[in-house]
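Student: any chance you can model this:
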Amino acid sequence: MKWYFVAALLTVLTSSQGILTTLSQSDGGYKYDYATVPFLAEVFKLLVSSVLLWRECKGVSPPKMTTEWKTIRLYPIPSVIYLIHNNVQFATLTYVDTSTYQIMGNLKIVTTGILFRLFLKKKLSTLQWMAIVLLAVGTTTSQVKGCGQSSCESLFSSPIYGYVLGIVSACLSALAGVYTEFLMKKNNDSLYWQNVQLYTFGAIFNMARLVLDDFRGGFEQGPWWQRLFNGYSITTWLVVLNLGSTGLLVSWLMKYADNIVKVYSTSMAMLLTMVLSVFLFNFKPTLQLFLGIIICMMSLHMYFAPPTSLVDFPLTAKPAPEDRIEVSVERRTDS
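Tutor: Sure, this is the predicted structure:
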């Protein structure tokens, strides 16, 4: 399976995630507990990975599975980082508005490139760095609204704490992705074995969040397992399956491609979501959206195209035979 096919499929699934989530709403709200969706998605990914690992073990050559504790203990770390990231997200939104937060979220594109270079020792060319910066500029441009609107005025009017937390949030998001890629490529273990470890801890941490919500709410609605499927519809189950499938594709990219490919997929998905919203939710397209799409497409070409296709090297003309100057050298002999 080629990485660009997986990246394109990830773009489609990621863009449909926001649309399906919006369609799952009823009267402007959710009839189900939204915290149960990530938990069920982790369980779905764990089940799929377990079945695929079982089939792989039944094959002719058994897969490589490292069971040493010093390796297994590294797999809860991404879940811990994402848990901290989610709390920082909520803290950031108390200081900045949603539009500002979305625009600041594009910093993770650049921070991913920086951490990608520092921790994974992957060298990027000057053109690739320019492409990454262009991608951040393009996604930001597509999200900026008209300057006559109040959201534009509030862009630079938030407290300094909000911007600091926004930068921390972007760094944590990039760190979680880069660390996950490090784990997936650390050894030649089976992808499905690595997924089983990742999603086991992911399910545990998400379940802990549901338990914590029960304690915070004083168990007014009963324990979380009794209301796990309350309010679920076909659309809600599609949200769970979509989120789970997206996670499986991301792990494949981390194993066989890299974080930059994932960043491009998710960025293009955001633009695709905005375009589809024009037809599905009467979203009014803006000039900034079209400019952002153009900039992002230029960035995509700059990063992945061969350097020779980006620069036209002048052809060096060979001298004609008649233009060649023949120099005769006479050997001098002393008598």
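Student: what ranges do the helices span in the chain?
Tutor: Residue ranges of the helices in the chain, as given by DSSP state H, are 3-23, 36-57, 69-72, 76-93, 98-104, 107-119, 126-143, 150-153, 160-184, 191-216, 234-256, 259-280, 287-304, 307-310.
Student: from the chain's centre, how far out does the last one sit?
Tutor: If I follow you right, that is helix 307-310. With Cα atoms, centre = their mean, to the nearest Å as the basis, the distance from the averaged C-alpha position of helix 307-310 to the chain average is 26 Å.
Student: quick revisit: possible to save the helices of the chain as CSV with mean pLDDT?
Tutor: Formatted as CSV, the helices of the chain follow (pLDDT from 0 to 100):
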stretch, mean pLDDT
helix 3-23, 91
helix 36-57, 96
helix 69-72, 92
helix 76-93, 88
helix 98-104, 79
helix 107-119, 93
helix 126-143, 93
helix 150-153, 52
helix 160-184, 92
helix 191-216, 94
helix 234-256, 95
helix 259-280, 90
helix 287-304, 93
helix 307-310, 78
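Student: and of the ones you listed, who's closest to G222?
Tutor: With respect to G222, and counting by Cβ to Cβ, the nearest of the helices of the chain is helix 191-216 at 8.2 Å. All C-beta atoms are positioned from the backbone trio N, CA, C, and that covers glycine.
Student: now the helices of the chain in JSON lines, with distance to R227 and mean neighbour count?
Tutor: Converted to JSON lines, the helices of the chain look like this (distance: least, Cβ to Cβ, whole Å; neighbours: other Cβ atoms under 10 Å):
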{"stretch": "helix 3-23", "distance to R227": "19", "mean neighbour count": "18"}
{"stretch": "helix 36-57", "distance to R227": "8", "mean neighbour count": "19"}
{"stretch": "helix 69-72", "distance to R227": "33", "mean neighbour count": "10"}
{"stretch": "helix 76-93", "distance to R227": "21", "mean neighbour count": "17"}
{"stretch": "helix 98-104", "distance to R227": "28", "mean neighbour count": "17"}
{"stretch": "helix 107-119", "distance to R227": "33", "mean neighbour count": "19"}
{"stretch": "helix 126-143", "distance to R227": "35", "mean neighbour count": "20"}
{"stretch": "helix 150-153", "distance to R227": "36", "mean neighbour count": "12"}
{"stretch": "helix 160-184", "distance to R227": "29", "mean neighbour count": "20"}
{"stretch": "helix 191-216", "distance to R227": "10", "mean neighbour count": "18"}
{"stretch": "helix 234-256", "distance to R227": "13", "mean neighbour count": "19"}
{"stretch": "helix 259-280", "distance to R227": "30", "mean neighbour count": "19"}
{"stretch": "helix 287-304", "distance to R227": "39", "mean neighbour count": "17"}
{"stretch": "helix 307-310", "distance to R227": "55", "mean neighbour count": "10"}
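Student: out of those helices, flag the one nearest Q226.
Tutor: Sorting those by Cβ to Cβ, the top spot, which is the nearest, belongs to helix 191-216 at 10.1 Å.
Student: and that closest one, what does it pack against?
Tutor: With contacts defined as 3 or more Cβ pairs under 8 Å, 6 or more residues apart in numbering; DSSP states H and E, the secondary structure elements packing on helix 191-216 are helix 36-57, helix 76-93, helix 160-184, helix 234-256.
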